[in-house]
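Peer 1: I would like the atomic coordinates for the input below:
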Amino acid sequence: MNAADVQTAFGTVLRRAREERTITQEDLAHVSGVARSFIAKMEAGRRQPTITTVFRLAHALGVEPGVLLARTAEELGRVPAAH
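Peer 2: Predicted structure coming up:
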C-alpha cells in the first residue's frame, strides 16, 4: 500500500458518502468549511486530507470520522496493490 492507494480509496469513500446523502461538492464545502476544489481533488484521489479535515468532512456528512477511515481501509482491500 502506498500514499496514492490511500488517496484513491479515501476519495472513493468520500464521494460515496456524499452521494449517499445526495449533496453536491458545493454543499459539502459549505457545511464542512473545506474548499470545494479540495473536495474535488480528494474525490479524484489527487489530494489527501489532514486529520482535522477528516473530522470536518465526517461531521458535515453526519458520520463518525472512524467510519470514513474504516471504509477507506475496506476500500484499500479492493484496490490492487501498486508495484
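Peer 1: contacts and neighbour counts: CA atoms only from here.
Peer 2: OK.
Peer 1: contacting residues for the residue nearest the centre of the chain?
Peer 2: In the chain, the centroid-proximal residue (Cα atoms, centre = their mean) is L14; its distance is 3.1 Å. Going by Cα atoms under 8 Å, 6 or more residues apart in numbering, L14 touches M42, E43, L68.
Peer 1: can you check P49 too?
Peer 2: Contacts here follow Cα under 8 Å, 6+ apart; on that basis P49 touches M42.
Peer 1: circling back to that earlier point, do you know how far the residue nearest to the centre of the chain is from T72?
Peer 2: Noted for L14: a distance of 9 Å to T72, by Cα to Cα, to the nearest Å.
Peer 1: same check, this time on E20
Peer 2: Distance of E20 to T72, given as Cα to Cα: 16 Å.
Peer 1: how about stretch 19-35: buried residues?
Peer 2: Q25, L28, A29, S32, V34 (16 or more other Cα atoms under 10 Å).
Peer 1: Show me which of those residues is closest to A9.
Peer 2: A9 has its nearest neighbour among the buried residues of stretch 19-35 in Q25, at 17.5 Å by Cα to Cα.
Peer 1: For the residue nearest to E26 when sequence neighbours are not counted, give me its contacts.
Peer 2: Excluding its sequence neighbours, the residue lying closest to E26 (Cα to Cα, 6 or more residues apart in numbering) is R36, at 5.6 Å. Listed by Cα under 8 Å, 6+ apart, the contact set of R36 reads Q25, E26, L28, A29.
Peer 1: The helix or strand containing the last one - contacts with which helices or strands?
Peer 2: Taking DSSP states H and E as the criterion, A29 maps to helix 25-32. In this structure, helix 25-32 makes packing contacts with helix 36-43, helix 51-61, judged by 3 or more Cα pairs under 8 Å, 6 or more residues apart in numbering; DSSP states H and E.
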